[in-house]
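**Q** curious how this folds, go ahead:
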Amino acid sequence: MNTVEVKKIWEEIKQDLQKQIPATTFDTWISHLEAISSEENSFTLISGESFGVKYIRENYYKTIFECFKKYFGKEIIVNIEFNQEYADKIKKNKLKVEKKLEKEKQLEEEHKKSIENLSYVKSLNINLRYRFDNFVEDSNNKIAKAAAQAVAQNPTAKYNPLYIQGGSGLGKTHLMQAIGHYVTMKGNLKVQCIKTEDFINDYVNSTAFVPNKNTTSAMNKFRNKYRNVDILLIDDIQFIENKKKCIDELFHTLDTLYNANKQIVLTSDKLPKDLPEIPKRLRTRFEQGLVVEIKPPEFETRVQILKNLAKEKGIENISQDVFEYIAKYYKDNVRELEGAFTKVNAYSDIEQEPITLKYAKQVLKCEENLNKPTINSIIDYIANFYNVTSEDIKSTSRVQNISNARAVVCYIAREKLQNSYETIAVKLNKRHQTVMYAADKVKKTIKTDNNLRNDVEIIIKNLGL
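**A** Next comes the predicted model:
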């Protein structure tokens, strides 16, 4: 009789024993017995507890014997033996379970602490979802993660400032927020987490003229907010370009913090050297600490990100091939990767269909999209159509024909390719709000401007869209 059959027989006999033996005794001594072999007239069970073997033989052997006799229809010799190897296995598993429980208890305590500090944390613009333990690491981001953890654990000791660079949706904001989350949970340092756009708006509001407003007091309040902290986290620092007065204020803010030995963390979709509109004195400040890059995640990492998302949403019984299918086609942006999975899940909920590979293909139509032009090919075609260059469209130039060409790219990429504003913004080196505005403007204008409408129709037709 093979091992599988032996174990199956023992499971069935255990069900009978459970009805006859007190629950405490059964759970302590009987349930952990393991069946290893069965000969013609004998059946062997092993235990990892030497005392347990003695106790069972003295108190419950007759009950066990009768259950085996009932099952086989004849008398069977039941051997119950202590096995050191099995004892070691149980001990190892027990330690594993204890460690897991300890980890769960630790996470539960951290979560409880997070809930208690929720209103405070929210005021810091810190998202509790972004933590180090749910950041999926691979060779393309491990240096960035290690640097972020080092900063969180010991601010200003190693890398100050820490400048995290990566394309849209690759995890730089996750790491920055994870630093803020980790430090906040320690509860002994003052943190300020902000988007560059909000920093700019705060500055503008502080300096704007309003009747009966004390501008000096407003500026002092602004400066205290950003300079009277232990750690300043600023997201998407590239948006400070061309904001001269804000740049000056940012420089003095960073200078004040650095000289006071306070930690600075910045994120950007560009390296400091690729921000020509920012003065050299500020760029060199960015580069003074450590600059780390995050590149698009590897295939296995993308699959794991999807699995983590499914677990987080409480979605079970999804086969590996579904995750692999989505990971195959969504390579460059974690937000779009997660968005694709969310779309499949939403359709599944609405249509009451199980998430299978066939269903994921039906919803996402990734193979069909492969035949569509890319944003880059659209940029190249539209540049040629309007007699400008692709570099012109990606530049900061506001020359009319270049702005028009850029707006048409935004419209077609959004309406016909269904790309996100963030993805288009990355390709054009713009903010997603700028892309959104340009696409919406073209969408409205083509209703009344025949020339623009004709241009757009010709471009769409020639691109095969």
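**Q** contacts, neighbours, all on C-alpha from now
**A** Will do.
**Q** could you measure from residue 271 over to residue 165?
**A** 6 Å (C-alpha to C-alpha, to the nearest Å).
**Q** dig out what residue 193 forms beta bridges with.
**A** For residue 193, the beta-bridge partners are residue 233 (DSSP bridges).
**Q** residues contacting it?
**A** Contact analysis of residue 193 by C-alpha atoms under 8 Å, 6 or more residues apart in numbering lists 124, 125, 126, 177, 180, 232, 233, 234, 235.
**Q** what's near enough to touch residue 389?
**A** Residues in contact with residue 389, defined by C-alpha under 8 Å, 6+ apart, are 380, 383.
**Q** rerun at 10 Å
**A** 379, 380, 381, 382, 383, 395, 402, 405 (C-alpha atoms under 10 Å, 6 or more residues apart in numbering).
**Q** residue 157 is in contact with residue 151, isn't it?
**A** Yes. Shown here, residue 157 and residue 151 form a contact pair, counting by C-alpha atoms under 10 Å, at 7.5 Å.
**Q** next, count neighbours for residue 162.
**A** For residue 162, the tally of surrounding residues (other C-alpha atoms under 10 Å) stands at 26.
**Q** what's it sitting at in phi/psi?
**A** Phi and psi for residue 162, reported as degrees, to the nearest 10, are phi -100, psi 120.
**Q** likewise for residue 265?
**A** Here is the backbone geometry of residue 265 (degrees, to the nearest 10): phi -130, psi 130.
**Q** before we move on, what about residue 45?
**A** Reported as degrees, to the nearest 10, the phi and psi values for residue 45 are phi -120, psi 150.
**Q** equivalent analysis for residue 197, please.
**A** Per degrees, to the nearest 10, the backbone of residue 197 is at phi -60, psi -40.
**Q** if we can go back for a sec, so which of residue 271 and residue 165 has more stuff around it?
**A** Higher neighbour count among residue 271 and residue 165: residue 165, with 25 against 19, using other C-alpha under 10 Å.
**Q** ok, now how distant is that one from residue 203?
**A** Distance of residue 165 to residue 203, given as C-alpha to C-alpha: 24 Å.
**Q** residue 428 touches residue 438, doesn't it?
**A** No. The criterion here is C-alpha under 10 Å, and residue 428 misses it with residue 438 at 12.0 Å.
**Q** give me the common contacts of the two.
**A** Listed contacts common to residue 428 and residue 438 are 406, 409, 410; contacts here mean C-alpha under 10 Å, 6+ apart.
**Q** ok, and the helix or strand in the protein with the lowest average confidence?
**A** Sorting the helices and strands of the chain by mean pLDDT, DSSP states H and E puts helix 118-123 at the bottom, at a mean of 58.
**Q** and residue 432, its phi and psi?
**A** phi -70, psi -30.
**Q** and the gap between it and residue 424?
**A** Residue 432 sits 7 Å away from residue 424, taking C-alpha to C-alpha as the criterion.
**Q** which one's more surrounded, these two?
**A** residue 424 (23 against 17).
**Q** doesn't that one fall inside a helix?
**A** Yes. Assessed with DSSP: H, G, I helix; E, B strand; the rest coil, residue 424 lies in a helix.
**Q** just the pLDDT for it.
**A** The per-residue pLDDT reported for residue 424 equals 88.
**Q** how about residue 110?
**A** At residue 110, pLDDT is 68.
**Q** could you do residue 115 as well?
**A** Residue-level confidence at residue 115 comes out at 58, pLDDT.
**Q** circling back: between the shared contacts of residue 428 and residue 438, which sits nearest residue 88?
**A** residue 410 (63.8 Å; C-alpha to C-alpha).
**Q** hang on, the closest one packs against residue 424?
**A** Yes. If you go by C-alpha under 10 Å, residue 410 and residue 424 touch, sitting 6.8 Å apart.
**Q** which neighbours do the two have in common?
**A** 375, 435, 436.
**Q** can you map out the strands along the protein?
**A** 34-38, 42-47, 77-82, 162-166, 191-195, 231-235, 263-268, 290-294 (DSSP state E).
**Q** now the first one: how far from the chain's centre is it?
**A** So that's strand 34-38. 45 Å (C-alpha atoms, centre = their mean, to the nearest Å).
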